[in-house]
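# Kindly return the folded structure for what I paste below:
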Amino acid sequence: MSNGIDAFCLRSMSGFVLSRISFVFTVLAIFYSVGSLCSAEEVVPYKFPEKEKERNISFKTETDFDVRDYGAKGDGTSDDGPSLRKALAALIASGKPAKLNFEKKTYRLDKRTDNDYNIDLSGVNNIVIEGNGATLILHPDNSLLKIYQSKNIIVRDLNVDYNPLTWTQGTVLSIDKKKGTARVSISNGFPQPDPKLVKLKLLYARMDPKTRATVRNHYKYPIYTPLTTITPRGKGQYIFTFANKKICGDMKVGEGFIYKLVKGMHLNTITESENVLYENMTVHATRYFGFAGGRCKGDLIFRKIKFLRKPGRYVSTLGDGLHFKGNEKGPLIEDSHFEGVWDDKLHLALMVDAVTKVHSNKKFTIRSTQGGDESPELQVGDKMLFYNFGKGTYVGSSEIATVEAKHPKARYRTITLKDSLEGVVPAGDIGNKNGMGLNISKFTICYTERQSGKGAVIRRNTFDLFHRHPIILRTPEAVFEDNEIIGSGQSVGIKVGNAHIGEWPVPYNIEIKNNRLTDNLLWGIWVNSVYSPKVKPGEGWTRNITIENNFLKNQHANAIRLDKVSNVWLKGNTVEMAPDADPKFAPYVENLSRNVIGQKSF
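Residues are numbered from 1 along each chain as shown. Model (predicted):
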């Protein structure tokens with residue numbers, strides 16, 4: 001059975017949800033804006049420019065360097081790390097556009113103590129890493145590849161794994177809810193946990209052995225927590241004491257788990273670089289994120305990337321699949337497969353500063369809300385946009401006249417603007433606080449428009465068996481099309497907005513079309529602005545969103561949720577609710593508690 005809506009438009013509504021329990025419905029067209037009832041003509045659907053979708057990176061190389069010529073054996077047991085480094089050093093010393101070649105063999109790279117990365121491409125240009133189907137086995141203390149301040153880099157046809165693995169996993173044998181402990185056994189072939197690891201506050205995660213994904217419980221009880229003690233009990237068994245005892249609330253004997261054994265670097269980092277292509281790469285394990293970085297220029301392309309779990313493993317990463325902030329141009333991610341990624345499959349966001357001191361209406365001291373390497377790079381002439389997060393108000397914008405670096409380690413900078421701004425609220429001394437440790441609602445934040453990550457293209461990918469969010473998109477002017485999302489863990493299929501400390505303001509001009517979402521635990525598509533109920537319509541709202549011709553199957557909660565969003569075009573979306581969906585998700589168009597007009601059901 002289906003139900004069609006020809007045209008429907010609402011204004012002045014901060015919450016909007018579509019759902020259906022017992023039958024399929026198709027939304028032919030809904031036009032949603034700010035103010036009052038409107039006609040379809042008043043909302044123009046955002047369309048991402050077709051010409052911006054086609055991208056590639058290519059250049060000619062003048063010479064080849066083969067790792068076998070420098071002693072690499074590729075037998076899977078010898079340490080080929082020194083040979084790899086010799087070949088790479090010779091390539092860089094040549095100063096020519098060059099290619100580093102592997103053979104289709106297995107190369108073991110043992111522990112490296114002079115660098116966290118096995119391949120370091122810092123300050124180089126025009127280099128191709130040609131894997132030819134090679135498999136690289138890494139040591140858990142090292143990551144694969146660092147690309148820093150480099151231009152025209154291509155990496156392709158590689159497979160990556162770790163031995164020993166960077167996590168362990170096993171089965172819960174018994175539970176003591178009062179003590180907050182569990183007796184567990186480690187599965188065959190996985191590393192034994194060192195009791196000293198508890199000092200690192202590494203995470204334990206609950207896993208469902210049937211689905212091989214995170215336990216689903218709507219966060220009624222925790223599914224992640226560090227351990228406070230690890231007590232050996234012989235024959236691969238241990239008593240784990242949980243930092244948060246509530247995790248035992250609905251824990252069951254026979255339940256699976258994973259426990260991180262390392263803390264640190266991403267498998268690949270790409271920072272302050274220009275024109276980078278990864279192609280035909282398969283990842284079976286990581287130390288943290290698969291690919292991460294920011295402050296890049298030009299094209300950043302990920303094509304035919306696969307995150308795949310090997311048989312018997314719960315995960316393929318120990319963090320996000322791809323995570324990028326503050327690029328001048330959004331990445332192209334296409335024809336890739338994301339399976340078993342621990343956290344977000346894909347996370348694109350901004351780099352945001354907090355105003356810590358107001359010297360005058362033109363001069364401000366600012367500091368990154370994330371700290372460390374996640375600070376935006378500022379230049380004279382950059383356009384800076386200022387917002388008061390708690391009120392959701394747009395303060396204004398101006399170009400930078402001068403930049404004075406101060407306390408580089410803490411990422412404090414003092415900037416002078418060309419124009420005066422009124423209403424900037426300083427945070428004062430925020431010390432070393434970062435992320436959720438900051439109360440962002442009480443002061444002004446700012447970001448540079450140049451590094452807002454505009455123009456991401458995410459198409460023809462499969463996001464399969466994920467543990468948290470498959471997609472988090474917090475950058476403007478992006479398209480998400482022809483993707484498949486299968487089997488969410490604890491959260492939402494596609495999340496646009498949902499501001500997080502240091503990743504705000506909200507996105508705008510987003511096209512979500514022709515995607516298929518199956519078996520999502522919570523909302524299939526959630527578009528929102530900020531948590532604060534004080535936010536009023538305008539620059540502080542996520543806006544100009546097209547949601548068209550998507551199919552949501554076996555949906556366990558609301559199919560589409562819009563919260564504090566303006567100018568939305570919904571057309572041709574089809575939803576099929578799961579037979580066991582919670583009855584509270586009956587078919588309706590609902591206003592949440594912050595809305596100002598009543599319900600309309602269909």
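# what's the distance between the most centrally placed residue in the chain and K325?
Note on the chain: the residue nearest the mean C-alpha position is H347, at 2.1 Å, using C-alpha atoms, centre = their mean. The gap separating H347 from K325 is 8 Å, by C-beta to C-beta, to the nearest Å. The C-beta positions use only the backbone N, C-alpha and C, and glycine is treated the same way.
# ok, now L277?
Going from L277 to K325 by C-beta to C-beta gives 20 Å.
# Those two: who's more crowded?
Using other C-beta atoms under 10 Å, the more surrounded residue of L277 and K325 is K325, with 25 against 20.
# pLDDT score assigned to the residue nearest to the centre of the chain?
At H347, the model reports a pLDDT of 91.
# Repeat that for L438.
In this model, L438 is scored at 65, pLDDT.
# coming back round to it: show me what contacts the residue nearest to the centre of the chain?
D320, L322, H323, F324, H469, I472 (C-beta atoms under 8 Å, 6 or more residues apart in numbering).
# Correct me if wrong, but it is in a strand.
Yes: under DSSP: H, G, I helix; E, B strand; the rest coil, H347 falls within a strand.
# so it bridges to which residues?
H323, I472 (DSSP bridges).
# any idea how far R68 lies from R183?
Counting by C-beta to C-beta, the gap from R68 to R183 is 49 Å.
# what residues go with each domain of the protein?
Domain assignment for the chain, taken from automatic domain parsing, gives 63-164+264-349, 167-260, 353-451.
# gap between the two ends of the last one?
End-to-end distance for domain 353-451, by C-alpha to C-alpha, to the nearest Å: 12 Å.
# Work out the gap between it and the centre of the chain.
In terms of C-alpha atoms, centre = their mean, to the nearest Å, the centre of domain 353-451 is found 23 Å from the chain centre.
# now swap in stretch 209-222 and tell me
Mean C-alpha position of stretch 209-222 versus that of the full chain (C-alpha atoms, centre = their mean) differs by 20 Å.
# Outside of it itself, list whatever touches it.
171, 205-208, 223, 244, 246-251, 254-256, 309, 314, 340, 465-468, 487, 489-490, 521-522.
# Tell me where the stretch 501-602 of the chain is predicted with low confidence.
Filtered on pLDDT under 70, the stretch 501-602 of the chain yields the residue ranges 501-506, 530-540, 582-602.
# Try it again at 90.
Along the stretch 501-602 of the chain, segments meeting pLDDT under 90 span 501-508, 518-545, 547, 552-602.
# And the strands in it?
Under the criterion DSSP state E, counting those that start in this stretch, the stretch 501-602 of the chain contains strands at 508-513, 516-518, 525-528, 542-548, 551-555, 560-563, 565-571, 573-577.
# and the last one, how far from the chain's centre?
Here strand 573-577 shows a centroid-to-chain-centroid distance of 26 Å under the convention C-alpha atoms, centre = their mean.
# who does it pair up with?
strand 24-27 (antiparallel), strand 551-555 (parallel).
# chain center to the last one, what's the gap?
Which is strand 551-555. When distances are taken as C-alpha atoms, centre = their mean, strand 551-555 is centred 23 Å away from the chain's centroid.
# what's next to it, contact-wise?
Identification of contacts with strand 551-555 by C-beta under 8 Å, 6+ apart yields 19-20, 493, 515-520, 524-525, 559-560, 573-578, 581.
# one more time with 7 Å
516-520, 524, 559, 574-578, 581 (C-beta atoms under 7 Å, 6 or more residues apart in numbering).
# Can I get it in PDB? Just the C-alpha atoms.
Output in PDB follows, covering the C-alpha atoms of strand 551-555 (Å, rounded to 0.1, in the frame of the first residue of the first chain):
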ATOM      1  CA  PHE A 551      14.400   4.400  -0.800                       C
ATOM      2  CA  LEU A 552      14.400   3.500   2.900                       C
ATOM      3  CA  LYS A 553      13.600  -0.100   3.600                       C
ATOM      4  CA  ASN A 554      13.100  -2.000   6.900                       C
ATOM      5  CA  GLN A 555      13.200   1.300   8.800                       C
END
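# coming back round to it: mean pLDDT lowest where, among the domains of the chain?
Per-stretch mean pLDDT for the domains of the chain is lowest at domain 353-451 (a mean of 82).
# picking up where we left off before, mind checking which of the contacts of stretch 209-222 are buried?
The neighbour count (16 or more other C-beta atoms under 10 Å) marks 171, 205-207, 223, 247-248, 251, 255-256, 309, 314, 340, 465-468, 487, 489-490, 521-522 as buried among the contacts of stretch 209-222.
# Which ones among those map onto strands?
When those are checked against strands (DSSP state E), the matches are T171, A205, R206, M207, G256.
# Any idea how far stretch 129-138 is from the middle of the chain?
Worked out by C-alpha atoms, centre = their mean, stretch 129-138 lies 25 Å from the chain centre.
# could you show me where the strands are in the stretch 51-200 of the chain, in order?
Ranges of strands within the stretch 51-200 of the chain are 63-66, 75-79, 98-101, 106-109, 117-122, 125-138, 143-148, 151-162, 167-176, 181-186, based on DSSP E, counting those that start in this stretch.
# Can you lay out the ones you listed as JSON lines showing distance to A213?
Conversion of the strands of the stretch 51-200 of the chain to JSON lines gives the following (distance: least, C-beta to C-beta, whole Å):
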{"stretch": "strand 63-66", "distance to A213": "41"}
{"stretch": "strand 75-79", "distance to A213": "31"}
{"stretch": "strand 98-101", "distance to A213": "37"}
{"stretch": "strand 106-109", "distance to A213": "29"}
{"stretch": "strand 117-122", "distance to A213": "30"}
{"stretch": "strand 125-138", "distance to A213": "25"}
{"stretch": "strand 143-148", "distance to A213": "25"}
{"stretch": "strand 151-162", "distance to A213": "21"}
{"stretch": "strand 167-176", "distance to A213": "13"}
{"stretch": "strand 181-186", "distance to A213": "19"}
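# tell me the most buried of those?
When the strands of the stretch 51-200 of the chain are scored by mean count of other C-beta atoms under 10 Å, the highest mean neighbour count falls to strand 143-148 (a mean of 23).
# re earlier: can you tell which of the strands of the stretch 51-200 of the chain is closest to K260?
strand 167-176 (5.3 Å; C-beta to C-beta).
# Go ahead and produce PDB holding the CA coordinates of the closest one.
Output of strand 167-176 as PDB, limited to C-alpha atoms (Å, rounded to 0.1, in the frame of the first residue of the first chain):
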ATOM      1  CA  TRP A 167      42.800  -5.000  18.900                       C
ATOM      2  CA  THR A 168      41.700  -8.200  20.600                       C
ATOM      3  CA  GLN A 169      38.300  -9.800  20.700                       C
ATOM      4  CA  GLY A 170      36.400 -12.600  22.400                       C
ATOM      5  CA  THR A 171      33.300 -13.800  24.300                       C
ATOM      6  CA  VAL A 172      31.700 -12.900  27.600                       C
ATOM      7  CA  LEU A 173      31.600 -15.900  29.900                       C
ATOM      8  CA  SER A 174      30.000 -14.500  33.000                       C
ATOM      9  CA  ILE A 175      28.900 -11.100  34.300                       C
ATOM     10  CA  ASP A 176      28.800  -9.500  37.800                       C
END
